[in-house]
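**Q** Quick one, fold the following:
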Amino acid sequence: MSFYSFCSGASNSSNKIGVNYGRLGNNLPSPYESIQLLLSMKAGHVKLYDADPEVLKLLSDTDLHVTIMVTNQEISTIASNESHADAWIDDNVLAHYPSTKIRFILVGNEVFSYNDRQLWLDLVPAMRRIKKSLNKHQIHNIKVGTPLAMDALESTFPPSSARFRSGIPAEVIVPLMRFLNSSKSFFFVDVYTYFPWSVNPTNMSLDYALMKSGINETYEDPVSGLTYTNLLDQMLDSVHFAMQKLGFDNIRVAIAETGWPHDGDFDEPGANAYNAATYVSNLVAKVTSDPPIGTPAKPGIEIPTFVFSLYDENQKPGPGTERHWGLLSNTGSPIYEVDLTGTSPENNNTKLSEPSNNGPYNGKIWCVVASTASPDDLGPALEFACRQGNGTCDRLAPGKECYEPISIVSHASYAFSSFWAQFRSSGASCYFGGLAVQTITDPGHGSCEFPSVLL
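**A** Numbers count the residues shown, from 1 in each chain. Next up, the predicted model:
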């Protein structure tokens, strides 16, 4: 059953999974090439992070089902007046529908992950106005939702204990539940088993996070009595239980984003192509199963699912994994083989090398200027790093241990490493706008010792 079958007036067809088409990169194939690649991969659905008219026009020539997004910046304007919602629908839906098979409109992206109370309060009014505008045009096969991150939940373990974050007021979360319930839409969630596993890799089974079958590892929820065989089901059911605590037991869950990074920094264990291929293959097998598998709390229920992401996106900030979730490289070639139709009997990662980074890295790590960085771009980043913290760049002063060589690359490397060593525990990453990378080769020289992170 395709994603269209979740909307009214749909007909049955083969199971197909969706792919997120993120474009935060300066080296990606064109929209036309990207759509051809999605078709060659036999994806059934594509999710955009906007409503780009060029992409939507190109999609009109395909059978791909499409999800478009109202950006966070547009929410408050649309919430303020129905005319703004009407204009948005005119420009972004009616200009392309029905030749472009738009099936979902997602309002905002991980709204509750931002500390913006007004944005929270405007979310459901904006969703209502978008839905009302669709109804004016007798469009009933486009569902309206909003994707939330797992941080919308205050507790997730065990699943039966899950509840929404106490900081999200009832005047926001309850109307959202009512809207999704009355419109028969989905609770869209971005769910990544990689993150809870990677912060506790010695005490949590990697196979359990990768959804490997036959591993003889289970978890029994002490309250519900439900038995879990993989981490994804636990996380999804925590959403089910959180909604249930608010009195909503019939809202179905859809996975707006999920995946596994195929590369990352030294301090990000398990980020490799072997694990990524394993996770995505097992995910596809689960969510395309016929009959549907569902979860322990909701057995037999189909779960619309979008894999993140089509490409590696080299302009995403943060740790290394942020730029390595792609199914494809920037040349359009597969980073690892995966069958999105779910018809292959098993994952095809036998050609990949066994990973060597599935455990935590032990040793020193430094943060230095990337080989691809232009010296002309280093000045502002060097100045920023030196302004932070206590004595971050004292050793770079004339006459001090690290003053020589008098090179902006050398000085920036020291500043980056010093800054990161001080602030990593507060969430800082070794990135600096793409100018920095981690290294396990000591960049120190002579009496100049670079500060490091010791793991």
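**Q** Residue 225 - how many residues pack around it?
**A** 9 (other C-beta atoms under 10 Å). C-beta here means a position set from N, CA and C on the backbone, and glycine is covered the same way.
**Q** Against residue 119, how distant is it?
**A** Separation of residue 225 from residue 119 (C-beta to C-beta, to the nearest Å): 39 Å.
**Q** swap in residue 159?
**A** For residue 159, the distance to residue 119 - C-beta to C-beta - is 28 Å.
**Q** Helix or strand with the lowest mean pLDDT in this structure?
**A** Counting by mean pLDDT, DSSP states H and E, the chain has its least confident helix or strand at strand 153-155, which shows a mean of 90.
**Q** how about low-confidence regions in this protein?
**A** By pLDDT under 70, the low-scoring segments of the chain are 1-15, 345-350.
**Q** can you tell me which helix or strand residue 384 belongs to?
**A** helix 378-387 (DSSP states H and E).
**Q** What is the burial count for residue 109?
**A** Count around residue 109 with other C-beta under 10 Å applied: 21.
**Q** Assign a three-state SS to residue 34, would you?
**A** The three-state label given to residue 34 by DSSP: H, G, I helix; E, B strand; the rest coil is helix.
**Q** thinking it is in contact with residue 310, fair?
**A** Yes - in this structure residue 34 lies within contact range of residue 310 using C-beta atoms under 8 Å: 6.6 Å.
**Q** mind checking how far the residue minimising distance to the centre of the chain is from residue 419?
**A** Nearest residue to the geometric centre of the chain (C-alpha atoms, centre = their mean): residue 257, 5.1 Å. As for residue 257, its distance to residue 419 is 30 Å (criterion: C-beta to C-beta).
**Q** Surely residue 173 and residue 163 touch.
**A** No - using C-beta under 8 Å, residue 173 is not in contact with residue 163; the gap is 10.1 Å.
**Q** Comparing these two, which residue is more hemmed in?
**A** Neighbour totals were compared for residue 173 and residue 163, and residue 173 leads with 21 against 16 (other C-beta under 10 Å).
**Q** ok, now how distant is the closest residue to residue 295 other than its chain neighbours from residue 84?
**A** Counting by C-beta to C-beta, 6 or more residues apart in numbering, residue 295 lies nearest to residue 233, which is 4.6 Å off, once chain neighbours are set aside. Using C-beta to C-beta, one gets 40 Å for the distance from residue 233 to residue 84.
**Q** How many neighbouring residues does residue 390 have?
**A** By other C-beta under 10 Å, the residues close to residue 390 number 6.
**Q** hang on, it packs against residue 419?
**A** No - using C-beta under 8 Å, residue 390 is not in contact with residue 419; the gap is 11.1 Å.
**Q** returning to what we had before: name the residues that touch the least confident helix or strand of the chain?
**A** Residues from elsewhere that reach strand 153-155 (C-beta atoms under 8 Å, 6 or more residues apart in numbering): 161, 162, 163, 164, 165, 166, 238, 239, 242.
**Q** how about 7 Å then?
**A** With C-beta atoms under 7 Å, 6 or more residues apart in numbering as the test, strand 153-155 has contacts from 161, 162, 163, 164, 165, 166, 238, 242.
**Q** Please name every helix or strand in contact with the helix or strand harbouring the last one.
**A** What that stands for is residue 242. Here residue 242 sits within helix 231-245, counting by DSSP H and E. Where contact means 3 or more C-beta pairs under 7 Å, 6 or more residues apart in numbering; DSSP states H and E, helix 231-245 is packed against strand 163-164, strand 186-190, strand 252-258.
**Q** now it and strand 186-190, what's the angle there?
**A** Put simply, helix 231-245 runs at 140 degrees to strand 186-190, going by axes from the mean of the first three to the mean of the last three C-alpha atoms, to 10 degrees.
**Q** Please give the centre-to-centre distance between helix 231-245 and its chain.
**A** The chain centroid and the centroid of helix 231-245 are separated by 18 Å under C-alpha atoms, centre = their mean, to the nearest Å.
**Q** so that helix versus strand 252-258, what angle?
**A** 140 degrees.
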